[in-house]
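1. Structure of the sequence below:
(one chain, ligands or ions: 1)
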Amino acid sequence: MTADTADILKVEGLTKTFGGLSANEDVSFSAPRGAICGLIGPNGAGKSTLFKALLGVHKPDRGRIIFDGIDITDISQQKRCRLGLCCTFQISESFSELSILEAVMVGAYSRTSSRAKARTDALVAIGEVGLTDLAHLRYSELNVFQRKKAELATALATNPKLLLLDELFAGCSLHEIAELIDLIGALNQRLGTTFIIVEHVLHVIMSLCSKVIVLESGRILEIGTPAEISTSPVVLAAYLGEDYDVDEHQKFGR
Ligand SMILES: Nc1ncnc2c1ncn2[C@@H]1O[C@H](COP(=O)(O)OP(=O)(O)OP(=O)(O)O)[C@@H](O)[C@H]1O
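-> Numbering: from 1, shown residues only. A predicted model of the protein is given here:
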């Protein structure tokens, strides 16, 4: 398999069923290298199931996942992470007495066994998200917004090529959302990291993404630019119901 330099990720015909329910049905899309892509859809559309398949949390029934030219469909989560496919994850309660530095070092240890190197890499990642002055604080002492940034730093410390953000913005104020949008945009520019973002705050998707994938009932409903998605009759109908008024909802997502 030769690497497709244009697309860092290709998903081909991914299907995952739970009992009789198709959580993902023949899902195919690609993510261009260096892009910020959005994955949206109503509740239960299959977004988390798709992320879990990408991360290797569960195995799809059918289909293939090609990451950076490599078929990763059957390889472990740890190996995917080492290849550069990672997500943000909430620090569990059992880790809450760790300092930010120690928590972010957990991410850095995915690519080194050297404590000194993990510490250096963690400090770089902490700097990237602007938490250097708080690096010594315990996780339990942080507010929601600081935790989000620390989770982002932990993921960055794995040195991802593709970072999946699953509702990173949830629980943030409008001001904090604006700051996180700027931060993700800056990281994308500075580090070249590709992002795929699952987010219910559509303003985030419309502000950051160049490509949006819309899922509904496990299937791809539409793929396009934010402008195309925000005026797509099928997308509007999926979100707003069959009786939506296009003129009334032309500011969808703003
Ligand atoms: N482990 C599981 N066992 C059984 N059914 C599941 C499982 N995980 C997900 N599902 C079902 O698959 C469908 C898709 O769920 P999924 O969580 O992927 O949707 P989602 O788009 O992430 O939803 P939300 O926006 O509410 O988080 C739902 O009907 C859900 O109940």
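2. Show the average pLDDT along the strand or helix carrying L123.
-> Using DSSP states H and E, the element containing L123 is helix 115-128. The pLDDT scores in helix 115-128 average 96.
3. and the next helix or strand after that helix, what does it pack onto?
-> Once the chain leaves helix 115-128, the next helix or strand it forms, by DSSP H and E, is helix 144-156. Helix 144-156 sits against helix 100-108, helix 115-128, strand 162-166, helix 174-191, with contacts defined as 3 or more Cβ pairs under 8 Å, 6 or more residues apart in numbering; DSSP states H and E. (C-beta placed from N, C-alpha, C; glycine too.)
4. hmm, back to that, between the helix holding L123 and helix 174-191, how big is the angle?
-> In terms of direction (axes from the mean of the first three to the mean of the last three Cα atoms, to 10 degrees), helix 115-128 departs from helix 174-191 by 120 degrees.
5. buried ones in helix 115-128?
-> Buried residues in helix 115-128, counted by 16 or more other Cβ atoms under 10 Å: 118-119, 121-126, 128.
6. for it, packing partners?
-> Counting contacts by 3+ Cβ pairs under 8 Å, 6+ apart, helix 115-128 is packed against helix 100-108, helix 144-156, helix 174-191.
7. could you dump those helices to TSV with distance to the ligand and mean neighbour count?
-> Putting the helices and strands packed on helix 115-128 into TSV (distance: least, Cβ to the nearest ligand atom, whole Å; neighbours: other Cβ atoms under 10 Å) gives the following:
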stretch	distance to the ligand	mean neighbour count
helix 100-108	24	24
helix 144-156	18	22
helix 174-191	18	15
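8. Turn those helices into a markdown table, including mean pLDDT.
-> A markdown table is the format used below for the helices and strands packed on helix 115-128 (pLDDT from 0 to 100):
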| stretch | mean pLDDT |
| --- | --- |
| helix 100-108 | 93 |
| helix 144-156 | 94 |
| helix 174-191 | 96 |
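9. For T194, give me the pLDDT.
-> Taking T194 on its own, its pLDDT is 98.
10. Excluding residues flanking it in the chain, which one is nearest it?
-> Leaving aside its chain neighbours, T194 sits nearest to L162 (4.6 Å; criterion: Cβ to Cβ, 6 or more residues apart in numbering).
11. Likewise for G192?
-> G34 (5.4 Å).
12. quick one: the one you found and L191 touch, right?
-> No - taking contacts as Cβ atoms under 8 Å, G34 lies outside contact range of L191: 9.8 Å.
13. Dihedrals phi and psi, G41?
-> For G41, the backbone dihedrals (degrees, to the nearest 10) come out as phi 160, psi 160.
14. about what we covered before: so which of the helices and strands packed on helix 144-156 is nearest R138?
-> Among these, the nearest to R138 by Cβ to Cβ is helix 100-108 (8.1 Å).
15. who does that closest one touch, helix- and strand-wise?
-> helix 115-128, helix 144-156.
16. and the longest one, how far out from the chain's middle?
-> Going back to what we said before, that points to helix 115-128. Helix 115-128 sits 22 Å away from the centroid of its parent chain (Cα atoms, centre = their mean, to the nearest Å).
17. Would you mind naming what in this structure lies close to the ligand?
-> Counting by Cβ under 6 Å from any ligand atom, the chain comes close to the ligand at 18, 21, 23, 41, 43-49.
18. now these as JSON lines including pLDDT?
-> Below are the residues of the chain next to the ligand laid out as JSON lines (pLDDT from 0 to 100):
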{"residue": "F18", "pLDDT": "94"}
{"residue": "L21", "pLDDT": "92"}
{"residue": "A23", "pLDDT": "96"}
{"residue": "G41", "pLDDT": "92"}
{"residue": "N43", "pLDDT": "89"}
{"residue": "G44", "pLDDT": "92"}
{"residue": "A45", "pLDDT": "93"}
{"residue": "G46", "pLDDT": "95"}
{"residue": "K47", "pLDDT": "95"}
{"residue": "S48", "pLDDT": "94"}
{"residue": "T49", "pLDDT": "96"}
